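Asks: Give me a model of this one.
(3 chains)
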Amino acid sequence: MSRELFLPSALEVAPHLLGATIAAEGDDGRVAIRITEVEAYHGVGTPGPYDAGSHSRDRRTERNASMFGPPGHAYVYFSYGMHFALNLVCSPEGTASGVLLRAGEVIEGAELAQARRASNRGEGSATPIRPHLLARGPGNLAAALGITRPEHDGRDLFAAPFRFEAAQGPAAEMSSGPRVGVSGEAGGPAFPWRFWIAGDPTVSAYRAGRNVPRG
DNA sequence: TTATCGATTCTCT
DNA sequence: GAGAATCGATAAA
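Replies: Coordinates of the predicted model:
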């Protein structure tokens, strides 16, 4: 199992990440997740059409810098003032593309994930989160794994605190469709760059972005 | 079941 | 200063 899995580009790599597992070790313990839903984002230097929905669509900036780094590393960004999201860099160093992890099934450290999700927002969150919702949605997945930008952005997935394992075989049944929350053409049917394991209960609900062309 | 809205702050123009 | 690769609660149908 090697870094070669993360080449040549996010669109090529994304389907193969379904069923893979990613674990992160924190001060408070370890959580592992089986990936069930991803989205590809292309940027500077990657093949295919111009991806207007990508953070690295035009140029390198302070935020997207790690997307230009070596493949098999993490790109973590801060979203909507309260969430982190985890991407896996999927293109040669100097070019930019990445796969956003949108959802997964917690297969190790469910209690810890539960505690992190609960403490994440307020104190007394009464009822426990149902298991299939623990890592559903990019913000929730990152929270379950304990991912933050200062701690994890740019880090190698093949070194501590991460541990990555490729999928055993091809995903059972895969579906694809437009990406979630992306506005304009890039969020429409011309970019079916979201991939998920068909019928898996941990896959997040689809939400269209603004001004999405119907089709 | 589907749609809308508020929270909260970083990033880039 | 506007908008954002979101989430969860609440309202409407």
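
Asks: now residue A:81, what's its secondary structure?
Replies: coil (DSSP: H, G, I helix; E, B strand; the rest coil).

Asks: Report how many residues lie close to it.
Replies: With neighbours defined by other C-beta atoms under 10 Å, the count for residue A:81 comes to 5. From N, CA and C alone the C-beta is placed, and that goes for glycine too.

Asks: Next: residue A:28.
Replies: 11.

Asks: Could you grab the helix/strand/coil label for the closest residue to it other than its chain neighbours?
Replies: Excluding the flanking residues, the one nearest residue A:28 by C-beta to C-beta, 6 or more residues apart in numbering is residue A:112, at 6.2 Å. Secondary structure, three-state DSSP: residue A:112 is helix.

Asks: and residue A:112, what does it touch?
Replies: A:28-31 (C-beta atoms under 8 Å, 6 or more residues apart in numbering).

Asks: Need the nearest residue in space to residue A:149, chain neighbours excluded.
Replies: With sequence-adjacent residues excluded and distances taken as C-beta to C-beta, 6+ apart, residue A:149 is closest to residue A:76, at 4.6 Å.

Asks: hey, what's that neighbour bridged with?
Replies: When bridges are called by DSSP bridges, residue A:76 pairs up with residue A:86.

Asks: And residue A:38, by the same measure?
Replies: Here residue A:38, judged by DSSP bridges, has bridge partners residue A:101, residue A:195.

Asks: Is DNA strand B within reach of stretch A:182-190?
Replies: No - counting by C-beta under 7 Å from any atom of the strand, DNA strand B is not contacted by stretch A:182-190; separation bottoms out at 14.0 Å.

Asks: how long is that stretch end to end?
Replies: Stretch A:182-190 has an end-to-end distance of 12 Å (criterion: C-alpha to C-alpha, to the nearest Å).

Asks: next one: stretch A:55-66
Replies: End-to-end distance of stretch A:55-66 (C-alpha to C-alpha): 11 Å.

Asks: quick one: low-confidence ranges for chain A?
Replies: Low-confidence segments of chain A, defined by pLDDT under 70, are located at A:1, A:121-126, A:213-215.

Asks: and it, which of its residues are near DNA strand B?
Replies: Applying C-beta under 7 Å from any atom of the strand, one finds that chain A approaches DNA strand B through A:58, A:61-64, A:78, A:80-82, A:149.

Asks: Top of those residues by number of neighbours, please.
Replies: residue A:64 (22 neighbours).

Asks: What residues of stretch A:149-162 count as buried?
Replies: Residues of stretch A:149-162 classed as buried: A:149, A:152-153, A:155, A:157, A:161-162 (neighbour count, 16 or more other C-beta atoms under 10 Å).

Asks: which residues sit against that stretch?
Replies: A:3, A:22-26, A:65-66, A:69-70, A:72-78, A:84, A:86, A:88, A:164.

Asks: filter these to the buried ones?
Replies: Listed as buried from those are A:22-26, A:66, A:69, A:72-77, A:84, A:86, A:88, A:164; burial here means 16+ other C-beta under 10 Å.
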